[in-house]
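Colleague: Below: sequence and its predicted model.
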Amino acid sequence: MKKLLAVLIVLVLAAVGFVGWLFWRAADAVPILNYHRVDNKDDNPATLKVADFEAQIKFLVDSGYSFVTPDELVDARQGGKSLPKNPVIICFDDGHDDIYKNVFPILQKYKIRATVFVVTDHIGMTDFLTWTQARELQASGLVDIESHTKSYKDLTRLRGDKLWDQIYGAKQAIEWALKKPSKFISFPEGKYTVDAELTAKELNYRAGFIEDYGLTASKNDGFVLTRIPVQGSNSQTLLRFKLRLKGAPIFSPLNRMKERLASDGNESIADLILIP
């Protein structure tokens, strides 16, 4: 009995020590929060209600977070420039028109900045931003329009000219329509290859983005930066948001373990790992 108790104590101490190390390692890291849609008509994990989104922004403001841009983050990583206290980055993928209708007024109300990654071939389609709206957002100084590729293809399946067309085509469209450089890319579904990364670098993108529940360090990270996905359609949306924000050092490795188990055919075990 005493041996069993001793083993349990050692395991608990080891777990506590490991968690402490995860948070220590993330001490200078920056949370990059990634959203997709904000509206009151859809009910799915990718959509956040307008009131829930504002509650999250208000929480960040009241908690003393400083809203920085990808440019400022990369400047800090590459040039040693300092970031303000408690930095956070707000991102949106896809470029739906609810960003203009529902998100932009909240950004204006709280005077905060966000980055919107658009699929350029979708601009002007139903439920997506128009170039006129994109220009107004960019001109406000609160929104930076960046690339989510030309037509949202799986980049891991593309090579040569087709890969170049997706990455360069979006950059070309943004720079032509908005008269400003396109410097960042969000890889569709978080999928990319070495060729995709090298192509983005060749085109002078400063960083690429994926979703991975983790934090991005102000130093030492590579070209591809991770973002925390923010989910909706849940009665405890703000609680889940706080857990993901504060617990990212834990949930990132847990999510990788969950995905690895599922990909190996161990879905029942993967389901036991709960991610808020």
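Modeller: Arrived safely, thanks for sending. Given the structure is predicted, the values throughout are model-derived calculations rather than measurements.
Colleague: Flag every buried residue along the longest helix along the chain.
Modeller: If you go by DSSP state H, the chain has its longest helix at helix 237-263. Of all the residues in helix 237-263, those buried under the rule 16 or more other Cβ atoms under 10 Å are 237, 240-241, 244-245, 247-252, 255, 258, 261. The C-beta positions use only the backbone N, C-alpha and C, and glycine is treated the same way.
Colleague: What of stretch 45-60?
Modeller: Within stretch 45-60, the residues scored as buried using 16+ other Cβ under 10 Å are 46, 47, 48, 49, 50, 52, 53, 54, 56, 57, 60.
Colleague: Following the chain past the helix or strand of the chain with the lowest mean pLDDT, name the next helix or strand.
Modeller: Every helix and strand in the chain was compared by mean pLDDT, DSSP states H and E; the lowest is helix 2-25, with a mean of 50. The C-terminal neighbour of helix 2-25 among helices and strands, as given by DSSP states H and E, is strand 29-30.
Colleague: Show me which positions of the helix or strand just after that next one end up buried.
Modeller: Elements were assigned by DSSP H and E; along the chain past strand 29-30, the next helix or strand is strand 32-35. By neighbour count with 16+ other Cβ under 10 Å, strand 32-35 contains the buried residues 32, 33, 34, 35.
Colleague: now the longest helix of the chain, how far from the centre of its chain.
Modeller: 13 Å (Cα atoms, centre = their mean, to the nearest Å).
Colleague: try stretch 199-207
Modeller: On Cα atoms, centre = their mean, the centre of stretch 199-207 falls 18 Å from that of its chain.
Colleague: Stretch 229-246 too?
Modeller: 14 Å.
Colleague: tell me how far the ends of that stretch are from each other?
Modeller: With Cα to Cα, to the nearest Å as the measure, stretch 229-246 spans 13 Å from end to end.
Colleague: related to what we said a few turns ago, let me have the buried residues of stretch 45-60 in a markdown table, adding distance to residue 87, secondary structure and pLDDT as columns.
Modeller: Formatted as a markdown table, these follow (distance: Cβ to Cβ, whole Å; DSSP: H, G, I helix; E, B strand; the rest coil; pLDDT from 0 to 100):
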| residue | distance to residue 87 | secondary structure | pLDDT |
| --- | --- | --- | --- |
| 46 | 25 | coil | 89 |
| 47 | 26 | strand | 94 |
| 48 | 22 | strand | 94 |
| 49 | 26 | coil | 94 |
| 50 | 25 | helix | 96 |
| 52 | 23 | helix | 95 |
| 53 | 20 | helix | 96 |
| 54 | 21 | helix | 97 |
| 56 | 16 | helix | 97 |
| 57 | 15 | helix | 98 |
| 60 | 11 | helix | 98 |
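Colleague: okay, and for the stretch 151-276 of the chain, where does confidence drop off?
Modeller: When residues are selected by pLDDT under 70, those of the stretch 151-276 of the chain lie in 217-221.
Colleague: just the helices in it please.
Modeller: 160-178, 194-202, 237-263, 267-270 (DSSP state H, counting those that start in this stretch).
Colleague: wait, which of those helices is closest to residue 146?
Modeller: For the helices of the stretch 151-276 of the chain, proximity to residue 146 was assessed by Cβ to Cβ; helix 160-178 is nearest, at 7.2 Å.
Colleague: I'd like to know how many residues surround residue 111.
Modeller: 10 (other Cβ atoms under 10 Å).
Colleague: my guess is it contacts residue 142, does it?
Modeller: Yes. Here residue 111 reaches residue 142: they are 7.5 Å apart, a contact under Cβ atoms under 8 Å.
Colleague: Next, the contact list for residue 208, please.
Modeller: Shown in contact with residue 208 (Cβ atoms under 8 Å, 6 or more residues apart in numbering): 184, 185, 186, 187, 192, 196, 197, 200, 223, 224, 225.
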